[in-house]
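Trainee: What shape does this take:
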Amino acid sequence: MRKSAPIERMFYHGKPMPRTEYVEIVAKSALNRVQHMGFNWSLNPYQGCFHSCVYCFARAHAKLADRDPGAGFSARVGVKVNVPDLLRLELSRPGWKREMVAFGTATDPYQPIEGSYKLTRRCLTAFCDYRTPIGLITKGTMVIRDIDVLVELSRRAKTTVSFSIPTIDDEVWARTEPGTPPPRKRLRVLKALVDAGIEAGVGMAPVLPGLSDSPRQLEATVAAAAEAGACFLWANIVYLKPGTKEHFMEFLARDYPQLLPKYRGLFPGAYAPAAVKTPVVEAVGQFKRRYGVGDRRTWRAEPPQEPVQLGLAV
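Mentor: So this is what the prediction gives:
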C-alpha cells in the first residue's frame, strides 16, 4: 500500500476538520453482487468518502466490514487503484449479460481525489466499450469532466445520472454534508448533462424529519430540480442502521440537541414509521406534478426498505 499526500482540509462552521488520508488498496473484484435492491451489480472505486455526510447509509456497511463508520469513514479513504483493469476483465467475460450496474452506491465516485486518479472516468470508458448500462449516483460536480464519455455511453446503453440533493436549504446542507459542493452547483451540472442529452435527475434523499421536511423546503427543492430540467425525481426519508445511527445521533446532540428526543422516538429501529415517510413522499409527488417533473425510467437508486446483503470484499 502507498499513502498519498493529504488534501486540503475541510472547514465546518469555520473550524478545520481532520485532513483526509488516501491509501491505495488492491481490490479483489470490481463488480459487487447485490441483493434486494432492484439491480444486481454495484461498483465503487473508492472506500470511504471525503464528503462526510452525517447521515450516510454506507457508514453501516463500513461497520459491517469492521471499518470505522464515524470520523474515520471520511478521514481515511481507500483508493482501489486496480478497479478499472478488473472491471474490463469482468465485463469481457463470455458470461457477462450487460446487466445494469449501480455506480457509486456506497461511496461517491466523484469525491475530490478522483481528479488525480481518474478511476471513475476509466470505469465509464470500460462500460462504454462493453455497452453496459449504468445508473451513476453522485453529489459531486466533477461529473461534468466526463460528459464526453457519458454522452457516448448514453448512445450505446441505458445511462442515468442521479444527483443526490436532499434539500437546497443552505443551512441544512452546510451542517449535514460538509464536504460536498453546494446543491445549486449540482443542479447547474445536472442541467448541463440534460442539455447534452444525458438522462439526469434528482434523488431527494435522505429527507430529515424536523430539518428538511417542511412543505416549503420540499417544494423549493422540487422547483429547483424542475428548473434545472431534471428528467426524474424521487424522495425518501433517512434510515439509520447501526454505524450510521450512532454517528448521526452524535451530530444531532452537537448541532440540534432539541431534535434528539424526536429521533429517539422515531427510530427505535432503522426505519421511520410509514406515518412519517408517507406524507413526505406524497407531498413530493404533488410538487412533481405541479412543476412538471416527469419520470422516464423504471429503475431508481433508492435506499432499500428491507435488509440488504452487499458484497463486502475490498
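Trainee: okay but Asp169 is in contact with Gln217, surely?
Mentor: Yes: counting by Cβ atoms under 8 Å, Asp169 does reach Gln217; the two are 5.4 Å apart. Using the backbone N, CA and C atoms, a C-beta is placed for each residue, glycine as well.
Trainee: Specify the strand with the largest residue count in the chain.
Mentor: strand 199-207 (DSSP state E).
Trainee: Next secondary structure element downstream of that strand?
Mentor: Later in the chain than strand 199-207, the nearest helix or strand by DSSP states H and E is helix 215-227.
Trainee: packing partners for the helix or strand just after that next one?
Mentor: Scanning forward in sequence from helix 215-227 by DSSP H and E, the next helix or strand is strand 233-237. Helices and strands touching strand 233-237, by 3 or more Cβ pairs under 8 Å, 6 or more residues apart in numbering; DSSP states H and E, are strand 199-207, helix 215-227, helix 274-291.
Trainee: winner for burial among the ones you listed?
Mentor: Comparing the helices and strands packed on strand 233-237 by mean neighbour count (mean count of other Cβ atoms under 10 Å), strand 199-207 comes out on top with a mean of 24.
Trainee: who touches Gly78 in this structure?
Mentor: Residues counted as contacts of Gly78 (Cβ atoms under 8 Å, 6 or more residues apart in numbering) are 22-25, 46-48, 314.
Trainee: Report the spatially nearest residue to Thr176, omitting neighbours in sequence.
Mentor: Residue nearest to Thr176 in three dimensions, not counting chain neighbours: Val54, with 5.1 Å by Cβ to Cβ, 6 or more residues apart in numbering.
Trainee: helices and strands around the helix or strand harbouring Arg88, which ones?
Mentor: For Arg88, the host element (DSSP H and E) is helix 83-91. In terms of contacts (3+ Cβ pairs under 8 Å, 6+ apart), helix 83-91 is packed against helix 119-129.
Trainee: Quick check: next helix or strand after the helix it packs on?
Mentor: strand 134-138.
Trainee: Adjacent strands (with direction) for that following strand?
Mentor: Strand 134-138 sits in its sheet next to strand 101-103 (parallel), strand 159-164 (parallel), going by DSSP bridges.
Trainee: Adding mean pLDDT and mean neighbour count as columns, could you present those strands in CSV?
Mentor: Listed next are these as CSV, based on pLDDT from 0 to 100; neighbours: other Cβ atoms under 10 Å:
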stretch, mean pLDDT, mean neighbour count
strand 101-103, 96, 25
strand 159-164, 97, 25
